[in-house]
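Q: Quick check, what structure comes out for this input:
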Amino acid sequence: MQYFDTKKSIPVLCSLLIAACSGGGGGNNNVPHPPVEKRTVVAPQANTKSEPTKPAATTSPVVPVKESALFHSPNTAPKQNQIPSPQTTFDSPSPLDNIPIVKPATTSVQSLASHKERTSTLPVWTGTVQKKYSEGSWNHDPEKVPVFLIIPNENHRYTDDKLFQLTAKDIDLTKNNTSQEGNFQFSLADSSVYSGYYLDSQDNIQVNNNFVIAFDKNKEYTKKDITANFYNENGFNYAVLVGKTDYLRQVGDVRLFYQNGRVSGEIVDKRNNEVLFRFKDTLEKDPNMIQIVPDRDNPHGLVSHGPDNMFMKMHFINGKDGEPYKYVVGSGKAERYYGTLFATKKDKE
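A: Residues are numbered from 1 along each chain as shown. Next up, the predicted model:
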């Protein structure tokens, strides 16, 4: 780096300042001068140690600076530490403007009522399966009723050999109202109630009879003011004890009469019109809980009092067209027989 001689530099700087000051006159008296380049002036140093730079005194030589470095147009002004004006704040799009306004969903009373109506009309299937030693709940739709097929064992030779095998399957009562293949039988009435029976086995040697009643819970009539006559051929499906352990499936025609919730009527053998059982009220006289009492001269040898009296739980089901208690179903068990009942309201048998 070259150093300027101070004694030689001062006259030159003075002449430049005089020329700059004289440029304010008009006409052709202006003396043109070349643009001043930015130069680095290094003062003589007394020693090699670096010291902090002190601010220049007011008597320091003035170095001309271009006007564009001091005054900036709006397009070239530096953007550092800029504070946006209020006008810029309101005119500029906010990020929130791009967020779609979500209005709260409005549900009319009519739509709520329509949804409630559709929900309430969906069938809710419930019922009972009555077995030899117990009963259980049954909530299968008529489109998918579980049953078994009994397939004989052709290799049976000894007494302890399995007599048959069970194969599970589902049947659709909506396609065929009555399904019967020797292993089961079901009937669907008015799309709101069905009944029947199926066979199964615990040891693949002895078969068991299982009786079923099922209905749409939404169609059940729960009041006690029942006045109607109910009939059904083979409407009482039951199994009665024969010997010590074997149960034999039987059927009987139903003639059931209600008058203001009070019950009467009988179950008869259609082959000879012989009375098998009679309907009676319980002590509570509840139309939903009745007694089935064996007739004194019944062919099964059942006694007409005591443990052979069956208490049957009854359910009344409205028809598809809204007709009240169009159907009646029930299930129960006594000491030596068990079964289910299904009948339809009619003016006469």
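
Q: Where does N298 fall, secondary structure wise?
A: For N298, there is no host helix or strand (DSSP states H and E).

Q: how many neighbours does it have?
A: For N298, the neighbour count with other Cβ atoms under 10 Å is 20. From N, CA and C alone the C-beta is placed, and that goes for glycine too.

Q: List the contacts of it.
A: Contacts for N298 (Cβ atoms under 8 Å, 6 or more residues apart in numbering) come out as V275, L276, F277, S304.

Q: Mind checking which of the residues you listed are buried?
A: Buried members of these, counted by 16 or more other Cβ atoms under 10 Å: V275, L276, F277.

Q: Now tabulate those residues in CSV and tack on secondary structure, distance to P142 and pLDDT.
A: Compiled in CSV, the buried ones among the contacts of N298 are given as follows (DSSP: H, G, I helix; E, B strand; the rest coil; distance: Cβ to Cβ, whole Å; pLDDT from 0 to 100):
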residue, secondary structure, distance to P142, pLDDT
V275, strand, 33, 97
L276, strand, 29, 98
F277, strand, 28, 98
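
Q: How much space separates the closest residue to T121 other than its chain neighbours from F342?
A: In space, and not counting its chain neighbours, T121 is closest to N218: 6.9 Å by Cβ to Cβ, 6 or more residues apart in numbering. N218 sits 19 Å away from F342, going by Cβ to Cβ, to the nearest Å.

Q: and if you look at E266?
A: Applying Cβ to Cβ to E266 and F342 gives a distance of 16 Å.

Q: ok, those two, which is more surrounded?
A: F342 (27 against 18).

Q: my guess is that one meets V329, correct?
A: Yes - counting by Cβ atoms under 8 Å, F342 does reach V329; the two are 5.1 Å apart.

Q: Give the residues shared as contacts by the two.
A: V193, S195, I213.

Q: Among these, which one has the most neighbours?
A: Counting neighbours by other Cβ under 10 Å, V193 leads the shared contacts of F342 and V329 with 28 neighbours.

Q: out of the shared contacts of F342 and V329, who's nearest D347?
A: Nearest to D347 among the shared contacts of F342 and V329 is V193, at 19.8 Å by Cβ to Cβ.

Q: Nearest residue to the closest one in space, ignoring adjacent ones along the chain?
A: F215 (4.2 Å).

Q: neighbours around that neighbour, how many?
A: F215 has 27 neighbours, counted by other Cβ under 10 Å.

Q: can I get the buried ones among the contacts of N298 in JSON lines with distance to Q202?
A: Listed next are the buried ones among the contacts of N298 as JSON lines, based on distance: Cβ to Cβ, whole Å:
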{"residue": "V275", "distance to Q202": "34"}
{"residue": "L276", "distance to Q202": "29"}
{"residue": "F277", "distance to Q202": "28"}
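
Q: Can you tell me which of the residues you listed is closest to A334?
A: Set against A334, the nearest of these by Cβ to Cβ is F277 (10.0 Å).

Q: tell me which element the residue lying closest to the closest one once chain neighbours are set aside is part of?
A: Ranked by Cβ to Cβ, 6+ apart and with sequence neighbours excluded, the top spatial neighbour of F277 is I267, at 4.3 Å. In the assignment (DSSP H and E), I267 maps to strand 262-269.

Q: Direction included, what does that strand pair up with?
A: Using DSSP bridges, strand 262-269 pairs in its sheet with strand 246-259 (antiparallel), strand 274-281 (antiparallel).

Q: sorry, back to before: just the closest of the shared contacts of F342 and V329 to Q180, please.
A: Among these, S195 lies closest to Q180 (Cβ to Cβ), at 13.3 Å.

Q: Just to be sure, that closest one is in a strand?
A: Yes - the assignment for S195 by DSSP: H, G, I helix; E, B strand; the rest coil puts it in a strand.
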